[in-house]
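> Have a look; sequence and predicted model below, questions after that.
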Amino acid sequence: MIVAVKGVTKRFRDVVALDGVGFTLRENTIYGLLGRNGAGKTTLMQILTGQQVATAGTVEVFGERPYENDAVLARTCFVREAQRYPDDYRVKHALRAGALLFPHWDEAFAQSLVDEFRLPRSRAIKKLSRGMLSALGVVIGLASRAPLTLFDEPYLGLDAAARQLFYDRLLADYAEHPRTVVLSTHLIDEVADLVEHVLVIDQGRLIVDEETDRLRGQVVLATGPADAVRAFAAPRTVLHQTTVGPVARFTLRGEVDAEARAEAERLGVTVAPVSLQQLVVSLTTGAAGSATPKETTP
Amino acid sequence: MDEGRPIFVQIAEEIENAIIDGTLPEESQVPSTNELAAFHRINPATAAKGINQLVADGILYKKRGIGMFVSPGAQVKLRDRRREQFADRYLRPLLVEARKLGLSTAEVKAMIDTWENQ
């Protein structure tokens, strides 16, 4: 375990950004940190990387508190969506800074990524396009090989080809040099097969902390005659429902085992899987204050 | 990869299919976890889980320091298992649909015969 977060709450004046969040992160695992805008993802990553201090609760990264702790921060790389660089910096300066900052930095890897992402080495950073700025963050995040690397929406302005390049290089380099990666993203379908474990934050609370494979089976779409769907849904949590004439479609939470499948077949209800993205959407849609109950995981 | 079913199950099934149809002969080497991960764009741990399931089933075996290989007898073993599952996986949905359309079992049998003779 390299990160242990217990009962973390963060308040900004009268706004509660994080509300009693607790989880652990294992070594050498890719995590997806998912949730809507304003859910508290960035605040959480700032606390993990010592850029914010929790109002309450404890945070341990590599067994120590991250705030103003150089030993922890040297092993942590946080690629922010709005990364600031000194005014006179050029691309090559940012790379040089990365080489100095991160003990596991791989210069050859950094240079090959710069070529692949077609980054102009001598261009002033403030003259980079949005996509190039994101690419620079991705290059630094990958080449840092930091044992804990966090990407906060690293894809803004990146086209589909560049995003695919990012995912491919991340996977290949992760396979050779395992580390813990936290990917915060709204493009859930793009990373669904990359992330081994999913954390979902909604309105400051952690509502899912689950292996991706196990989570997949836990939300299903049940479609069929309305009465039959209602009967099938009875022992389950209904996340969403729509009806068209006599046909109903319910989004349901709850494991569907072989017995349940047989029951669905008998009732004439079709049970279909939902994508990870649809699953997260259905868990995080709803009015303020009506967040779904906290996931009970060991 | 398709939604819903765990990806490691799909990886295991894909290797099983290659063994059944002879693409991966017995005693041949199976792609590594990292190769599978890169090819399918999935997490290496997920690919490893699929491989490990096949090792636990005795379909693959490990040669230390070299990699994973197809066990002797794996093809027959897999074919037998798939035959056992055939009725549940293929006949059941066929007959459910037939019933919905008002087709009798005899009519379905006749259709299979006609299909085969085409």
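Thanks, I have the structure now.
> For the residue of chain A at minimum distance from chain B, give the beta-bridge partners.
Chain B sits closest to residue A:273 of chain A, with a gap of 2.3 Å, by CB to the nearest CB. All C-beta spots, glycine's among them, are computed from the backbone N, C-alpha and C. For residue A:273, the beta-bridge partners under DSSP bridges are residue A:220.
> Give me the secondary structure label for the residue of chain B positioned farthest from its centre.
Of all residues in chain B, residue B:102 has its C-alpha farthest from the mean position, at 31.8 Å, by CA atoms, centre = their mean. Three-state call for residue B:102 (DSSP: H, G, I helix; E, B strand; the rest coil): coil.
> Next, work out how far apart it and residue B:108 are.
11 Å (CB to CB, to the nearest Å).
> what about residue A:250, neighbour count?
Residue A:250 has 22 neighbours, counted by other CB atoms under 10 Å in any protein chain shown.
> Could you look up the SS state of it?
Taking three-state DSSP, the label given to residue A:250 is strand.
> do the same with residue B:98
Applying three-state DSSP: residue B:98 is helix.
> Now for the residue lying closest to it once chain neighbours are set aside: which residues touch it?
Excluding the flanking residues, the one nearest residue B:98 by CB to CB, 6 or more residues apart in numbering or on different chains is residue B:108, at 5.1 Å. Counting by CB atoms under 8 Å, 6 or more residues apart in numbering or on different chains, residue B:108 makes contact with B:94-95, B:98.
> Need those residues in a markdown table (columns: neighbour count and pLDDT).
Formatted as a markdown table, these follow (neighbours: other CB atoms under 10 Å in any protein chain shown; pLDDT from 0 to 100):
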| residue | neighbour count | pLDDT |
| --- | --- | --- |
| B:94 | 13 | 93 |
| B:95 | 14 | 91 |
| B:98 | 15 | 94 |
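> Tell me how far the residue nearest to residue B:98 lies from residue B:115.
Residue B:108 is 10 Å from residue B:115, by CB to CB.
> swap in residue A:167?
For residue A:167 relative to residue B:115 (CB to CB), the value is 43 Å.
> Compare these two (neighbour count), which wins?
residue A:167 (17 against 8).
> Torsion angles phi and psi at residue A:58?
Dihedral pair for residue A:58: phi -120, psi 150, per degrees, to the nearest 10.
> Tell me the bridge partners for it.
residue A:6.
> Next up, the contacts around it.
A:4-8, A:65.
> who in the stretch 51-200 of chain A is up against chain B?
A:167-168, A:171-172, A:174-176, A:193-196 (CB under 8 Å from any CB of the partner chain).
> just the residues you listed now: which is nearest residue B:6?
Ranked by distance to residue B:6 (CB to CB), those are led by residue A:193 at 11.0 Å.
> So the nearest residue to the closest one once chain neighbours are set aside: helix, strand or coil?
In this structure, residue A:193 finds its nearest non-sequential neighbour in residue B:42, 4.4 Å apart by CB to CB, 6+ apart. Under three-state DSSP, residue B:42 falls in the coil class.
> give the contact list for residue B:42.
So residue B:42 contacts A:171, A:193-194, B:1, B:7, B:11, B:36 (CB under 8 Å, 6+ apart).
> Look up phi and psi at it.
According to degrees, to the nearest 10, residue B:42 has phi -130, psi 170.
> Where does pLDDT dip in chain A?
For chain A, the stretches flagged by pLDDT under 70 are A:286-298.
> Do a quick rundown of the strands in it.
A:3-12, A:15-25, A:30-34, A:56-61, A:76-79, A:148-152, A:180-184, A:197-202, A:205-211, A:219-225, A:237-244, A:247-253, A:270-273 (DSSP state E).
> With distance to residue B:32 added, can I get those in a markdown table?
Shown next, in a markdown table, are the strands of chain A (distance: least, CB to CB, whole Å):
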| stretch | distance to residue B:32 |
| --- | --- |
| strand A:3-12 | 29 |
| strand A:15-25 | 26 |
| strand A:30-34 | 18 |
| strand A:56-61 | 32 |
| strand A:76-79 | 27 |
| strand A:148-152 | 24 |
| strand A:180-184 | 21 |
| strand A:197-202 | 23 |
| strand A:205-211 | 23 |
| strand A:219-225 | 33 |
| strand A:237-244 | 39 |
| strand A:247-253 | 37 |
| strand A:270-273 | 29 |
